[in-house]
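Asks: The sequence isn't on hand, but the structure is:
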């Protein structure tokens with residue numbers, strides 16, 4: 001391939017040392033450059049790709065895409081305004097525009113992206129389709145899967161995955177789309193057919209500098225969708241609902257509380273922690289991506305949680321647009337038992353142990369709202385304070401717990417900074433710990449604070465009685481909580497079936 005074949009994909013402002021070159025691929029990391037590559041100089045938060053251009057040329061790069069010329073290098077250079085968006089466009093062109101050859105589904109939300117993606121994938125697989133799945137936990141291409149490094153991969157890696165899907169004749173791909181991916185143009189050239197926006201709450205504020213910027217970047221998935229696309233929006237979330245008039249896409253609305261939603265949940269029963277409800281579709285919905293017929297049908301979810309109802313409504317809408325039958329959807333939703341650490345019930349004998357990634361105040365509200373609807377005696381909350389997310393997020397998380405405490409009869413919290421079980425990027429700072437304790441003290445909630453995660457888990461399990469709920473709550477600091485909880489339960493109850501007890505760890509990615 002000649003680089004001039006790709007040049008029309010990007011807006012070139014100026015060239016230097018321009019000449020025809022044959023290329024073998026693209027790279028944005030000098031460590032991955034191979035002979036014949038074009039090296040794209042991306043400016044990141046911690047490093048500037050321009051400084052690595054000499055190393056890239058020494059490794060065999062035959063051309064550079066730059067934001068400023070590097071005069072000492074005698075290779076063709078193409079100056080662009082934004083190298084990152086140029087990388088996305090070049091990658092899409094290099095791999096032959098793969099997402100134009102599939103039904104590509106993009107899912108965003110503050111909470112529930114992973115679960116919704118897995119649910120939608122479960123419906124498509126139950127339908128007998130070969131699928132692609134890209135997200136926080138895994139990248140799956142047909143029957144092959146590998147752990148993810150980023151929620152949304154860099155654009156070059158993303159287009160390579162899509163290209164592999166096309167090579168395997170995969171026609172449906174589901175992916176999580178993070179706010180950072182939207183801000184950094186990782187999905188800039190992805191041709192999404194169906195986009196979804198389920199909810200938004202305060203998260204990643206430091207990354208985007210403000211909540212308003214976070215909302216703006218998150219919304220791009222919907223606001224950029226064209227008239228031949230479909231946007232699935234949640235009428236119960238004000239930010240999602242507000243996007244109805246900000247997109248050219250055909251809008252389908254879902255809701256539990258709103259009576260105006262196109263696809264509604266009615267007759268909701270959450271007494272066991274797992275939802276049973278009626279899906280009500282008031283009218284036949286004609287869209288450029290498929291038709292959803294009017295009707296009603298029952299759904300019993302295999303995954304617990306009130307939030308799972310919202311996630312499932314999005315997944316059901318996707319399934320219906322992809323021509324899945326009601327029977328397929330019902331079976332897929334019943335058989336799908338969830339994603340690790342998303343209100344995951346890891347033990348259900350004399351008492352329940354639930355593992356949840358309590359990421360932010362919105363997630364906490366949904367999780368504790370589900371607990372409130374369950375039948376149980378007492379709640380034992382074991383909370384891993386969130387590290388390296390700043391005082392604001394930790395204050396808001398603490399305040400969310402405090403709001404729910406009276407409804408849940410919560411007067412004590414077991415907390416941990418998980419000192420030995422987080423990497424350097426997730427260490428709890430003194431001010432983060434202090435603000436959590438300050439909010440709890442002001443609310444009159446007693447905190448039993450442990451430096452180490454195993455001791456905190458042990459204390460919570462030791463206090464649990466019949467019909468109680470033990471909630472392992474927290475992000476990176478609680479990743480290993482399930483492992484320690486199940487090991488301690490095995491010691492406490494030697495007669496338990498060990499194979500059944502440790503089954504939740506069998507397919508774990510985090511904390512094993």
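Replies: Ah, there it is. Keep in mind that this is a model prediction, so the values were computed, not measured. Numbers count the residues shown, from 1 in each chain.
Asks: where along the stretch 351-500 of the chain do the strands fall?
Replies: Using DSSP state E, counting those that start in this stretch, the strands of the stretch 351-500 of the chain run over 352-356, 379-384, 412-416, 446-450, 469-473.
Asks: Tell me if residue 79 really is in a strand.
Replies: Yes: the assignment for residue 79 (DSSP: H, G, I helix; E, B strand; the rest coil) places it in a strand.
Asks: Mind listing the residues bridging to it?
Replies: residue 14, residue 66 (DSSP bridges).
Asks: Tell me, how many residues neighbour it?
Replies: 17 (other CB atoms under 10 Å). All C-beta spots, glycine's among them, are computed from the backbone N, C-alpha and C.
Asks: just residue 341 next, same as before
Replies: So residue 341, with other CB under 10 Å, has 25 neighbours.
Asks: residues in contact with the closest residue to it other than its chain neighbours?
Replies: Excluding its sequence neighbours, the residue lying closest to residue 341 (CB to CB, 6 or more residues apart in numbering) is residue 357, at 4.6 Å. Contacts for residue 357 (CB atoms under 8 Å, 6 or more residues apart in numbering) come out as 341, 342, 363, 474, 475, 478.
Asks: residues making contact with the helix or strand where residue 55 lies?
Replies: Using DSSP states H and E, residue 55 sits within helix 53-58. Contacting residues not belonging to helix 53-58 are listed as 27, 30, 33, 37, 39, 41, 61, 64, 66, 70, 72-73, 75 [CB under 8 Å, 6+ apart].
Asks: Stretch 136-153 now?
Replies: So stretch 136-153 is contacted by 113-114, 118, 121, 130-135, 158, 161, 164-165, 168, 170, 175-178, 180-181, 186-187, 339-340, 509 (CB under 8 Å, 6+ apart).
Asks: The nearest residue to residue 436 once chain neighbours are set aside: what's it in contact with?
Replies: Spatial nearest neighbour of residue 436, chain neighbours left out: residue 398 (4.8 Å); criterion: CB to CB, 6+ apart. Neighbour list for residue 398: 435, 436, 438, 439, 440 [criterion: CB under 8 Å, 6+ apart].
Asks: Which among the residues you listed count as buried?
Replies: Among the contacts of residue 398, those buried by neighbour count (16 or more other CB atoms under 10 Å) are 435, 436, 439, 440.
Asks: and which of those residues is nearest residue 421?
Replies: residue 436 (17.4 Å; CB to CB).
Asks: thought that closest one was touching residue 415?
Replies: Yes: with contact defined as CB atoms under 8 Å, residue 436 counts as touching residue 415 (6.9 Å).
Asks: Give the residues shared as contacts by the two.
Replies: Common neighbours of residue 436 and residue 415 (CB under 8 Å, 6+ apart) are 385, 447.
Asks: re earlier: I'd like the contacts of residue 398 written out as a markdown table, with pLDDT and distance to residue 50 added.
Replies: Listed next are the contacts of residue 398 as a markdown table, based on pLDDT from 0 to 100; distance: CB to CB, whole Å:
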| residue | pLDDT | distance to residue 50 |
| --- | --- | --- |
| 435 | 97 | 39 |
| 436 | 97 | 41 |
| 438 | 98 | 45 |
| 439 | 98 | 45 |
| 440 | 98 | 48 |
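Asks: Format those as a markdown table; extra columns: distance to residue 454.
Replies: A markdown table is the format used below for the contacts of residue 398 (distance: CB to CB, whole Å):
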| residue | distance to residue 454 |
| --- | --- |
| 435 | 25 |
| 436 | 20 |
| 438 | 26 |
| 439 | 25 |
| 440 | 22 |
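Asks: following the helix or strand bottoming out on mean pLDDT in the chain, which helix or strand comes up?
Replies: Taking mean pLDDT, DSSP states H and E as the measure, the chain has helix 205-208 as its least confident helix or strand, at a mean of 52. The helix or strand immediately downstream of helix 205-208 is helix 211-223, counting by DSSP H and E.
Asks: who's in contact with residue 323?
Replies: Taking CB under 8 Å, 6+ apart as the test, what residue 323 contacts is 127, 290.
Asks: Same question for residue 508.
Replies: Per CB under 8 Å, 6+ apart, neighbours of residue 508: 340, 482, 483.
Asks: Likewise for residue 173?
Replies: Here residue 173 is in contact with 99, 102, 103, 104, 105, 131, 132, 133, 134, 162, 165 (criterion: CB under 8 Å, 6+ apart).
Asks: That one and residue 121: what is the separation?
Replies: To residue 121, residue 173 is 9 Å away according to CB to CB, to the nearest Å.
Asks: The contacts of helix 53-58 in strands, which ones?
Replies: Judged by DSSP state E, the contacts of helix 53-58 include 27, 37, 39, 64, 66 as members of strands.
Asks: List only those of these flagged as buried.
Replies: Counted by 16+ other CB under 10 Å, these give 27, 37, 39, 64, 66 as buried.
Asks: and the first one, what does it touch?
Replies: It stands for residue 27. Contacts of residue 27 by CB under 8 Å, 6+ apart are 33, 34, 37, 38, 39, 40, 56, 61, 156.
Asks: Can you read off the pLDDT for the first one?
Replies: Per-residue confidence for residue 33 comes out at a pLDDT of 97.
Asks: just checking, it touches residue 60?
Replies: Yes: contact criterion CB under 8 Å: residue 33 and residue 60 qualify, at 6.1 Å.
Asks: Neighbour count for the two, which is higher?
Replies: More crowded of residue 33 and residue 60, by other CB under 10 Å: residue 33, with 24 against 14.
Asks: Not counting its neighbours along the chain, what's nearest the more buried one?
Replies: residue 59 (4.0 Å).
Asks: That neighbour: neighbour count?
Replies: 17.
Asks: dump the residue contacts of it.
Replies: Contacts of residue 59 (CB under 8 Å, 6+ apart): 30, 33, 34, 35, 37.
Asks: Show me the domain layout of this structure.
Replies: 3-94, 98-335, 344-505 (automatic domain parsing).
Asks: First-to-last residue distance for stretch 218-230?
Replies: 17 Å (CA to CA, to the nearest Å).
Asks: my bad, should have said stretch 407-423
Replies: Stretch 407-423: ends 35 Å apart by CA to CA.
Asks: tell me which residues of the longest strand along the chain are tucked away?
Replies: In the chain, taking DSSP E as the definition, the longest strand is strand 295-304. Applying a neighbour-count criterion of 16+ other CB under 10 Å, the buried positions in strand 295-304 are 299, 301, 302, 303, 304.
Asks: Quick one: distance of the helix holding residue 55 to the chain centre.
Replies: 35 Å (CA atoms, centre = their mean, to the nearest Å).
Asks: how near is the residue nearest to residue 341 to residue 305?
Replies: Distance from residue 357 to residue 305, by CB to CB: 12 Å.
Asks: Measure how buried residue 14 is and give me the count.
Replies: 11.
Asks: distance of it from residue 65?
Replies: Taking CB to CB, one finds residue 14 at 12 Å from residue 65.
Asks: just residue 415 next, same as before
Replies: 48 Å.
Asks: cool, residue 88 as well?
Replies: In terms of CB to CB, residue 88 sits 12 Å off from residue 65.
Asks: Repeat that for residue 439.
Replies: 48 Å.
Asks: Likewise for residue 504?
Replies: Between residue 504 and residue 65 the computed distance is 46 Å (CB to CB).
Asks: got it, and residue 287?
Replies: From residue 287 to residue 65 the distance is 38 Å (CB to CB).
Asks: And these two? Which one has more around it.
Replies: residue 65 (26 against 19).
Asks: sorry, back to before: quick one: average pLDDT of the helix holding residue 55?
Replies: Helix 53-58 comes out at a mean pLDDT of 97.
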